[in-house]
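Colleague: Quick one, what's the 3D model for this:
(one chain, ligands or ions: 1)
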Amino acid sequence: MYKFSTILSLVLMIISCTNKKVPDIAPLAQSAPAVRTVTTPQKIPEEKVKVSPDYDTTQWTELYRLDSSIIILMKYATTDNFVKEKMYPCSRCFLRPEVAQQIVKIQKELQEKGYGLKMLDCFRPKPIQQQLWDKVPDARYVTPPKKGSMHNRGLAVDLTLVDSNGHECNMGTPYDYFGEKAYPAYANLPDSVLSLRKLLSSTMTRHGFKAIRTEWWHFYYSGTSYPISSMVWACK
Ligand SMILES: [Zn+2]
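Modeller: Numbering: from 1, shown residues only. Here you go, the predicted model:
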């Protein structure tokens, strides 16, 4: 039999994702016509059309091609990141093929529990690592490009949990929060947040990923190795 505290914790986990405001989704039109008389076919948004890959598929997998239910919002393709500047030309999530396959398995497992993944960063090209370093030449925040990070190898992901409606869950801190509160071992947080962090990390580690000491959102895949890459993706 479940303990009351376990049930309460589950309820809090669910509430902590659903009450979030989602500012990046445009409101629906207020006055839709009662009868649709449009005869021209609806144009499918260009980004949803699966065109032939424009990259080396022996080296890379673009995640949405494997599972389009995973939300992709690369923070460095926006100004909502710690350097407050758009660093990527557009939001595309590339990973090494083995890594992408594991992410899809994780997504399926989370979906069975009413959750899903939102990707905040995937492969980060070496030239962009250099640009980040030029802005913030401090190894506490940016890996020196010569050393290169697991993101530069296509082996690391930054991600968070969403509920079944795609609303981001409250994980205790925003992405790229620098401080103890973002440490996976930091325990002075509501039970709902601790449970969500545990759900994310236990699912990731069961599929070959490793966590790091300072960021609840960062995981790297330890099952393979690849060199640093300078591949920069094209934008339509
Ligand atoms: Zn990361």
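Colleague: What is the burial count for the nearest residue to residue 232 once chain neighbours are set aside?
Modeller: Leaving out its chain neighbours, the residue that sits closest to residue 232 by CB to CB, 6 or more residues apart in numbering is residue 125, at 4.6 Å. Where C-beta positions appear, they are placed from N, C-alpha and C, glycine not excepted. Per other CB atoms under 10 Å, the neighbour tally for residue 125 reads 21.
Colleague: Show me what stretch 70-77 is in contact with.
Modeller: By CB atoms under 8 Å, 6 or more residues apart in numbering, the residues outside stretch 70-77 that reach it are 24, 63-64, 81, 86-93, 103-104, 107, 116-122, 124, 128, 158, 162, 166, 175-176.
Colleague: picking that back up, for the residue nearest to residue 232, give me phi and psi.
Modeller: Backbone torsions of residue 125, given as degrees, to the nearest 10, read phi -60, psi 150.
Colleague: Please give me every residue in contact with it.
Modeller: So, once contact is read as CB under 8 Å, 6+ apart, residue 125 ends up touching 152, 229-233.
Colleague: hang on, the earlier thing: quick check: ChimeraX command selecting the buried ones in the contacts of stretch 70-77.
Modeller: The following ChimeraX line selects those of the contacts of stretch 70-77 that are buried, judged by 16 or more other CB atoms under 10 Å:
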select :63,64,81,87,88,91,92,93,103,104,107,116,117,118,119,120,121,122,124,128,158,162,175,176
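Colleague: among the contacts of stretch 70-77, which are in strands?
Modeller: When DSSP state E is applied, the contacts of stretch 70-77 are split such that 116-121, 158, 162 fall in strands.
Colleague: near the ion too, which of those residues?
Modeller: Taking CB under 5 Å from the ion as the test, the ion is in contact with residue 158 out of the ones in strands among the contacts of stretch 70-77.
Colleague: ok, so of the ones in strands among the contacts of stretch 70-77, who is nearest the ion?
Modeller: Among these, residue 158 lies closest to the ion (CB to the ion), at 4.0 Å.
Colleague: so how far is residue 152 from the residue nearest to residue 232?
Modeller: 7 Å (CB to CB, to the nearest Å).
Colleague: Find residues that contact each of the two.
Modeller: residue 229.
Colleague: Now do the contacts for residue 82.
Modeller: 136, 141, 176, 178.
Colleague: give me that answer again for 7 Å
Modeller: Residues near residue 82 by CB atoms under 7 Å, 6 or more residues apart in numbering: residue 176.
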